[in-house]
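K.L.:
Mind folding the following:
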Amino acid sequence: MARKYRSNMPIIDLTHTLHPGFPRWPGDEPFRMVAVERVAADGFAINELRYWEHVGTHIDAPAHKVDGGVTVELLDVDDLVAPLVVIDIRTRAALTVDDIAAWEQVNGRIPERAFVAMLSGSEQRLGEPDAPGFDRGAVQFLVGERNIVGIGVDTLSVDPAASTDYAAHTALLEAGRYGVEALANLGAVPPAGATVFVGAPKHRGGSGGPCRVLAIV
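P.N.:
Have a look, this model is predicted:
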């Protein structure tokens, strides 16, 4: 449900709720939460959290794929607040340059330093093997021709699930941009005109981590 921001601007939460059964990349450990204190017994409630960085709605910093790449705490905060572009590919298997061109025909040129999100309608079936993603050419175009800050998907990976070379990851992260995976509620956001806030974690040397992502419409 959208809430109102200042000047009656709705806020839409683009973040999934993280829990032990949340779908994850094959081989990754599940999220765990263990109670270590409870209010009734200890006066305060405290949980121990155990998780790999790339679980739930999370950010990929360049260091996720690039040796010596920028780690999550060093991402420019100016890049974590950006114009939000949502491209709907619900009838296709990958987001391509043609999809970008079609979006721009209707909505105008993608703004400088935008965050471009792919809406595939996959948020309720995150673990499926046929999930779509960005193709390499689309990422290269967005980085080189539109100077975006990052991309996001409503799937587990910015690459199509069938990818074996992770070309979208490579093109994005080698360029020093970031990705956000497993976004929610993109269908509630207009194709253009919203602003995204990516609440990235800030642990030293991190390759990414769970984040809270909000859109102000």
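K.L.:
Might you report the residue contacts of the residue nearest to L18 when sequence neighbours are not counted?
P.N.:
Excluding the flanking residues, the one nearest L18 by C-beta to C-beta, 6 or more residues apart in numbering is G56, at 3.8 Å. Where you see a C-beta, it was placed from the backbone N, CA and C, and this is true even at glycine. Shown in contact with G56 (C-beta atoms under 8 Å, 6 or more residues apart in numbering): T15, H16, L18, F22, F31, A182, P210.
K.L.:
Try it again at 10 Å.
P.N.:
Counting by C-beta atoms under 10 Å, 6 or more residues apart in numbering, G56 touches 15-19, 22-24, 31, 181-182, 184, 209-211.
K.L.:
Sitting in strands, which of those residues do you find?
P.N.:
Of the contacts of G56, the ones assigned to strands by DSSP state E are E181, G209, P210.
K.L.:
Could you export those residues as TSV, including neighbour count?
P.N.:
Output for these, formatted as TSV (neighbours: other C-beta atoms under 10 Å):
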residue	neighbour count
E181	25
G209	21
P210	23
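K.L.:
any idea where the helices of this structure begin and end?
P.N.:
Secondary structure of the chain (DSSP state H): helices at 39-42, 97-107, 136-146, 167-174.
K.L.:
circling back to that earlier point, pick out whichever of the ones in strands among the contacts of G56 sits closest to Q105.
P.N.:
The nearest member of these to Q105, counting by C-beta to C-beta, is E181 at 27.7 Å.
K.L.:
so the closest one bridges to which residues?
P.N.:
Applying DSSP bridges to E181 gives these bridge partners: H58.
K.L.:
Show the pLDDT at it.
P.N.:
In this model, E181 is scored at 97, pLDDT.
K.L.:
Please list all residues in contact with G69.
P.N.:
A61, P62, A63, L173, E174, G176, S207.
K.L.:
now R204: how far from V72?
P.N.:
For R204, the distance to V72 (C-beta to C-beta, to the nearest Å) stands at 9 Å.
K.L.:
Just give me the neighbour total for R125.
P.N.:
12 (other C-beta atoms under 10 Å).
K.L.:
For the closest residue to it other than its chain neighbours, list the residues it contacts.
P.N.:
Nearest non-adjacent residue to R125, counting by C-beta to C-beta, 6+ apart: A131, 7.7 Å away. Listed by C-beta under 10 Å, 6+ apart, the contact partners of A131 are 93, 120, 122, 125, 153-157, 159-162.
K.L.:
Output the ones in strands among the contacts of G56 as JSON lines; include the columns distance to I110.
P.N.:
Output for those, formatted as JSON lines (distance: C-beta to C-beta, whole Å):
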{"residue": "E181", "distance to I110": "20"}
{"residue": "G209", "distance to I110": "27"}
{"residue": "P210", "distance to I110": "27"}
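K.L.:
Give me the pLDDT for the residue nearest to G127 when sequence neighbours are not counted.
P.N.:
In this structure, G127 finds its nearest non-sequential neighbour in P23, 3.9 Å apart by C-beta to C-beta, 6+ apart. For P23, the pLDDT comes out at 93.
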